[in-house]
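Participant: sequence plus predicted model, see below.
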Amino acid sequence: MRIKVLGSAAGGGFPQWNCACRNCTRLRDGSLQGVARTQTQIAIDCNPDYALRRYWVFVNASPDLRAQMLGTRELHPFLNTNGSTPLSDIFLPSADVDSIMGLLHLREFQGFRIFSLPSIRRIVSEENSIFRVLRRATPPVQWFPLSLAKPADWQTQYDQKEVPKLIPHAVSLRGDYPDYISEKLRAELPSQEAVVGFAFHYGAKRLFFAPTIPGHDQSWISWAQSSDLVLIDGTFWSDDELIRTGRSKKTARQIGHLPLSGPGGLLSQYPAKATGRKVLIHINNTNPILDENSAEHRAVLEAGFEIAYDGMELKI
Ligand SMILES: [Zn+2]
């Protein structure tokens, strides 16, 4: 399995259009040791080596998807065809704007498959009529329902001798639904479907993708511990980061992200027994780890984490 990080920032990207925080200001004027990042998106190549046409699985549908696809040669249309795409399937982890807006970039009469929990499909299809534009394709974009993994599913082992295929598990992370949906619909949706991470098995290997860890429970820990590659929530360094930078009156935890540092933060909760590669993704523009000369940047590297960047390629 080969994974390409097409985007690694949280909502708004880095720099964010309306943000004059220390990070964004210094990135714009060239005084920050660090790089710009687009909004989080990954693509997975799980084709056998002999495949002539290589199809990709997307996780998330980033607001930056169009530019990310244009900038990635493997995702360009197949040559000598009228209209075709290496994009086959999209997995949606939530109905947050940053996870579904990219679908609108894909409205050009192209069929593909969307996999999500039933609640996410309802939010997109029932209350947001603009997404009906995806039905214009022939055949139309098709939705497939996922069910939630059981807590013990992380112990599943797959036969290494069989031809590997991508097997997804949707892991409930106990987050909240986006604030734009109606109270009526919200009351009908089960809370455990609001935000999921995805564990993808491919042969004996496992990728765990969880760019949002609300931290209300510890369901993510056993999945992180048992995976060969973990792409996990690096949104905020500290709980009061948005308050201190004047960006919001809410803490990181109040908007659904466990901060990296502090008591009970992600770094302290991350399972010590985990042996897989661990990469922070979905990094907010205010996060000091984006400054490669900062003590916080050094601290996460010393804790054994890598920091995702656009164009990063990972193999397991
Ligand atoms: Zn900023």
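Facilitator: Now that the structure is in, tell me what you want to look at. Fair warning: this is a prediction, and the values are worked out from it, not measured in the lab.
Participant: which residue is nearest the middle of this protein?
Facilitator: With the centre of the chain defined as its mean C-alpha position, the nearest residue by Cα atoms, centre = their mean is Pro211, 4.8 Å away.
Participant: go ahead and confirm Leu290 touches Gln33.
Facilitator: No - between Leu290 and Gln33 there is no contact under Cβ atoms under 8 Å: 9.5 Å. Where you see a C-beta, it was placed from the backbone N, CA and C, and this is true even at glycine.
Participant: more neighbours: which of the two?
Facilitator: Leu290 (30 against 12; other Cβ atoms under 10 Å).
Participant: which non-adjacent residue is nearest the more buried one?
Facilitator: Distances taken as Cβ to Cβ, 6 or more residues apart in numbering put Gly34 closest to Leu290, at 4.8 Å, once the chain neighbours are dropped.
Participant: show me what contacts that neighbour?
Facilitator: Shown in contact with Gly34 (Cβ atoms under 8 Å, 6 or more residues apart in numbering): 23, 27, 290-292.
Participant: from Arg253, how far off is it?
Facilitator: The spacing between Gly34 and Arg253, counted by Cβ to Cβ, to the nearest Å, is 25 Å.
Participant: quick one on the thing from earlier: what's the separation between the residue nearest to the centre of the chain and Gly7?
Facilitator: For Pro211, the distance to Gly7 - Cβ to Cβ - is 10 Å.
Participant: show me whatever sits in contact with both of these two.
Facilitator: Thr40.
Participant: whichever residue of the stretch 151-300 of the chain sits closest to the ion: how many residues sit nearby?
Facilitator: Closest approach between the stretch 151-300 of the chain and the ion, counting by Cβ to the ion: Asn285, at 3.7 Å. Asn285 has 23 neighbouring residues, counting by other Cβ under 10 Å.
Participant: which ones are touching it?
Facilitator: Under the criterion of Cβ under 8 Å, 6+ apart, the neighbours of Asn285 are 9-10, 12-16, 19, 21, 23-24.
Participant: got the residues of the protein near the ion?
Facilitator: Residues of the chain lying close to the ion (Cβ under 5 Å from the ion) are 19, 21, 24, 285.
Participant: now for those, which pair is the farthest apart?
Facilitator: Cys21 and Asn285 (6.5 Å; Cβ to Cβ).
Participant: Ala170: which of the contacts of Asn285 is nearest?
Facilitator: Ala10 (21.2 Å).
Participant: helix/strand/coil for the residue of the stretch 151-300 of the chain closest to the ion?
Facilitator: What DSSP: H, G, I helix; E, B strand; the rest coil gives for Asn285 is coil.
Participant: quick one: terminal-to-terminal distance for stretch 169-180?
Facilitator: End-to-end span of stretch 169-180 (Cα to Cα, to the nearest Å): 27 Å.
Participant: could you find the closest non-adjacent residue to Lys249?
Facilitator: Ile243 (6.4 Å).
Participant: am I right that that neighbour sits in a helix?
Facilitator: Yes - according to three-state DSSP, Ile243 belongs to a helix.
Participant: can you say which of the contacts of Asn285 are buried?
Facilitator: Burial by neighbour count, 16 or more other Cβ atoms under 10 Å: within the contacts of Asn285 this picks out 9-10, 12-16, 19, 21, 23-24.
Participant: among the residues you listed, which ones are in helices?
Facilitator: 23-24 (DSSP state H).
Participant: residues of stretch 71-79 that come out buried?
Facilitator: By neighbour count with 16+ other Cβ under 10 Å, stretch 71-79 contains the buried residues 72, 75.
Participant: how about the residue lying closest to Pro145 once chain neighbours are set aside, phi and psi?
Facilitator: Sequence neighbours aside, Pro118 is the residue nearest to Pro145 in space, at 5.1 Å (criterion: Cβ to Cβ, 6+ apart). Torsion angles at Pro118 (phi, psi; degrees, to the nearest 10) stand at phi -60, psi -40.
Participant: surely Pro118 meets Leu148?
Facilitator: No - look at Pro118 against Leu148 with Cβ under 8 Å: they stay out of range, at 10.3 Å.
Participant: anything in contact with each of these two?
Facilitator: What both Pro118 and Leu148 touch, as defined by Cβ under 8 Å, 6+ apart, is the set Glu193.
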